[in-house]
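Q: Predicted model and sequence follow; I will ask about them next.
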Amino acid sequence: MSQDIESLKLSNAQIAWRAAQDIEDGAYVNLGIGFPEMVAKFQPEGRQAIFHTENGVLDFGEAPPLGEEDWDCINAGKKAITIKPGTAFFHHADSFAMVRGGHLDVAILGAYQVAQNGDLANWSTGKGGVPAVGGAMDLVHGARRVAVLTDHVTKKGEPKLVAECTMPLTGVGCVTHIYTSLAVVEVVDGGFVLREAVPGLSFDELQALTGAPLRAGNPVVPLICPEELK
Amino acid sequence: MSQDIESLKLSNAQIAWRAAQDIEDGAYVNLGIGFPEMVAKFQPEGRQAIFHTENGVLDFGEAPPLGEEDWDCINAGKKAITIKPGTAFFHHADSFAMVRGGHLDVAILGAYQVAQNGDLANWSTGKGGVPAVGGAMDLVHGARRVAVLTDHVTKKGEPKLVAECTMPLTGVGCVTHIYTSLAVVEVVDGGFVLREAVPGLSFDELQALTGAPLRAGNPVVPLICPEELK
Amino acid sequence: MDKISRSAAEAVADIPDGATVMIGGFGGSGAPIELIHALIDQGARDLIVINNNAGNGHVGIAALIEQKRVARMICSFPRSADPVVFKEAYLAGEIELELVPQGTLAERIRAGGAGIPAFYTPTSFGTELAEGKPVEVFDGRSYVQERWLKADFALIKAEEADPHGNLTFRMAARNFNPVMATAAAVTIVQTTRLVPLGAIDPEQVVTPGIFVDRVVEIAEPAQEEELNRAGAVYP
Amino acid sequence: MDKISRSAAEAVADIPDGATVMIGGFGGSGAPIELIHALIDQGARDLIVINNNAGNGHVGIAALIEQKRVARMICSFPRSADPVVFKEAYLAGEIELELVPQGTLAERIRAGGAGIPAFYTPTSFGTELAEGKPVEVFDGRSYVQERWLKADFALIKAEEADPHGNLTFRMAARNFNPVMATAAAVTIVQTTRLVPLGAIDPEQVVTPGIFVDRVVEIAEPAQEEELNRAGAVYP
């Protein structure tokens, strides 16, 4: 990838911010471990999402100050969280009834690869070691909107948005929205539709970095995120 | 049926008393609506069974005094019950998880017919009207011991313990113990084994009132119940 | 992010003709009488109603049937102390009945809420209620395949509710209410006490708000059993 | 009718070699550390252990694996902050792994407790974790058939327990504990507070005593996360 394009790329914080702008007031949201957790910080003024963590807590609060953790009050990433007015605790079968039963509005996950039909690979590189899946395979079938946050390409510059996943699948045809370091893409009728692209990047340049055909949305909107999050 | 045999018959209270003698201390027990509910009264000294009602109450207390009913606190027969130390409330899916999951020690039900292989017919006469099944089909698969309380014969004198049920089945091969007005019978290896018979009734007389072969238990014990319950 | 409706009428206003409606309660305990009566007033017809029973006396579900609004009942036990309304409609062929064993009914509703399209149960195997259903053998024992049950709307009675729809229930009035709350596209709750957010201990929430769409406070709800003992008729 | 054991050692004394043991907890929250350590002291081998994870550091399940007592782990996420014990045993071929998606793990255990031998789920359809499992189409969508999961013993951590085994839990330490309590032939509970019968409000019982066989009070239980931050090693 050219240094030019590298300089156009959004930071993870910016990607998380962009994803947060699409979450409606009152939405029930599950944020995957790691990078997707940043989305919670960027809720627009006047909107309040309710966060679910698959280990049995709904509507939890922020992380406690260092040293004030209660390790019985954690999220799925095993980080300490807090309770707040409205919090509810429940057991694991009830928690995944919420997930699998379609009660979440949005699930946001990371990705190794996303295919044009919405197939997702995000749990195993297929390279041996100790495999671990956690709740990812449940979450991708559990929400009305399944959104992926990801760099547009791998560290080696290979597309992460692909014609077909070559890595082990997490789910088939499950991803609906993709927020990348260069674009916002939706999966529509088995193909990628480009909704937004960072300014300064042409459609052809973005297509060259994408492993399957992009259809231009009508319109394609400039993808502009707060500079201070860069 | 001869008047002689009629006079030997146990009362419903005596049948319920006899069934109660086989309930161990600490057993979890579901009593069917009606006649089986009497079993609760006859727990032997020093033993404490814990009663389950399928509408979501475990370890409930006796009926409240007339006029002090709380109609949110009822049993499956929609009769008022009370709470006591140890009571727990739960929802219907959890309640039938207890039943179907095999967590009950004993379920006690009424019967129209019981077949020698343990088939039970107790929910429908098959004669039209409004059919209603309630929890019977679940309960017969839910307990380690499924016991039936019944007259030995119908009002017309026909056997209720039969070779094959002619009425609509509640469950297949589910009954393990039968407490009748004349005998205690177990279902063993697809046949009726006579464990106890009321004094004054010969094996052949009892066989004549039974619609399938009885095997004599070793021994057959006299079935003696408190006279004051007659 | 406020789920509060101002009245039972407002809460049920958009239930259309032909809707499938789960109604909580076991007999009179936990029956959301005011929501049912608002549904009668509202006028929707050809409803498919899912409840353990099929009404008692001339209030609640019995009244809904008496007003000829119910095309089909899915229930386990369509009998009661005073079952005349359902019985007459059924024997006259005016209402269909799908009879489901009580535990299977609860589990089918739970499955609907939990994203489980089908499951196997020993219940009803070998009986006429299993006719036409797939049977499979697991570990040498036969089981019947049952499908999930979902609804367009659920009418629920809670004891406490907060503005996000976290709920508690009262004694055996819990019964089908928490399970049905999970299995409907729109879950409408009447609560005896509307409490502020945070007033329900997070450990004691029975139904988390994610399952609830609308909450209306009915501070002194009627109890079906007491209405029937008083000979009440609705409307 | 008293389910109280005098010690963790007494409570786990009869767990035999080769037993299948469900162990509650999600990471360190809700992990019954004292029961696990009593099981280590007791010496049973060739265990099949069911837990969401596969141990962290050198205490609890990690210590059980380090002592070479576990033949097979059934879990969703055998990684942790310090996963070295499981990782080395796994890569050395000393321990088998059955990897199950987390929601499927919870639902299989719930099915085991609820008498449901098999169910269908969308989870894992089309992935390598569904290989060899029956697939069926319902309403145009494909689902994987999953089997129930049961155990010989469950080791559970509760907050309060009464002598009949009614339980409450503490915050997110609830997780798999109530579900596993339903799915084992013998359910063994360590409770932080043993309270008299009647001390738990009937509305607030999370696990009714019907699912519990033994209760032992461990008044100041270790928290796995804190043990690991202090670098603890067991034994």
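A: Perfect, I can see it now.
Q: drop to CA atoms for contacts and neighbour counts, all remaining ones
A: Noted.
Q: A:Q21 contacts A:Q43, correct?
A: Yes. Using CA atoms under 8 Å, A:Q21 makes contact with A:Q43 at a distance of 6.8 Å.
Q: the more surrounded of those two?
A: The residue with more neighbours, out of A:Q21 and A:Q43, is A:Q43; 20 against 14, by other CA atoms under 10 Å in any protein chain shown.
Q: Would you quantify the distance from that one to A:V146?
A: The gap separating A:Q43 from A:V146 is 18 Å, by CA to CA, to the nearest Å.
Q: next one: A:T53
A: 15 Å.
Q: likewise C:E160?
A: Using CA to CA, C:E160 is found at 33 Å from A:V146.
Q: Please compute how far stretch C:137-148 lies from its chain's middle.
A: Computed by CA atoms, centre = their mean, to the nearest Å, the chain-centroid distance of stretch C:137-148 equals 26 Å.
Q: In the one helix or strand A:A216 maps to, which residues are buried?
A: According to DSSP states H and E, A:A216 maps onto strand A:214-222. Residues of strand A:214-222 classed as buried: A:214-215, A:220 (neighbour count, 16 or more other CA atoms under 10 Å in any protein chain shown).
Q: so what does that strand touch, helix or strand wise?
A: Here strand A:214-222 touches strand A:191-197, going by 3 or more CA pairs under 8 Å, 6 or more residues apart in numbering or on different chains; DSSP states H and E.
Q: Those residues of chain C touching chain D, which are they?
A: C:115-122, C:138, C:169-171, C:202-204 (CA under 8 Å from any CA of the partner chain).
Q: Report the buried members of those residues.
A: Buried among the residues of chain C next to chain D (16+ other CA under 10 Å): C:115-122, C:169-171, C:202-204.
Q: Redo those residues as TSV? Include pLDDT.
A: Conversion of those to TSV gives the following (pLDDT from 0 to 100):
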residue	pLDDT
C:G115	98
C:I116	98
C:P117	98
C:A118	98
C:F119	98
C:Y120	98
C:T121	98
C:P122	98
C:F169	98
C:R170	98
C:M171	98
C:P202	98
C:E203	98
C:Q204	98
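Q: Run through the residues that contact A:H103.
A: By CA atoms under 8 Å, 6 or more residues apart in numbering or on different chains, A:H103 lies in contact with A:28, A:142-144, C:210-211.
Q: Around the nearest residue in space to A:K230 that is not next to it in sequence, count how many other residues there are.
A: Among residues not flanking A:K230 along the chain, A:S11 sits closest, at 5.2 Å (CA to CA, 6 or more residues apart in numbering or on different chains). A:S11 has 17 neighbouring residues, counting by other CA under 10 Å.
Q: pretty sure A:S11 contacts A:L229?
A: Yes. When contacts are counted by CA under 8 Å, A:S11 is listed as touching A:L229 (7.0 Å).
Q: A:V146: what secondary structure?
A: Secondary structure, DSSP: H, G, I helix; E, B strand; the rest coil: A:V146 is strand.
Q: does it have beta-bridge partners, and which?
A: For A:V146, the beta-bridge partners under DSSP bridges are A:A107.
Q: how about the residues of chain A near chain D?
A: So chain A meets chain D at A:55-57, A:71-74, A:78, A:89-93, A:96, A:100, A:129-138, A:141, A:168-172 (CA under 8 Å from any CA).
Q: all strands for chain C, in order.
A: C:20-23, C:47-50, C:70-75, C:96-99, C:118-121, C:135-138, C:141-147, C:151-161, C:167-168, C:184-194, C:214-217 (DSSP state E).
Q: list the contacts for residue 58?
A: I went with chain A, as the question did not name one. A:50-52, A:87-89, C:208.
Q: ah, I was thinking of chain C
A: C:66, C:85, C:228, C:232-234.
Q: Which secondary structure state does A:V39 sit in?
A: Quick answer, by three-state DSSP: A:V39 is helix.
Q: Just give the closest residue to it, not the sequence neighbours.
A: Nearest to A:V39 is A:A16, by CA to CA, 6+ apart, at 4.7 Å.
Q: Lovely, talk soon.
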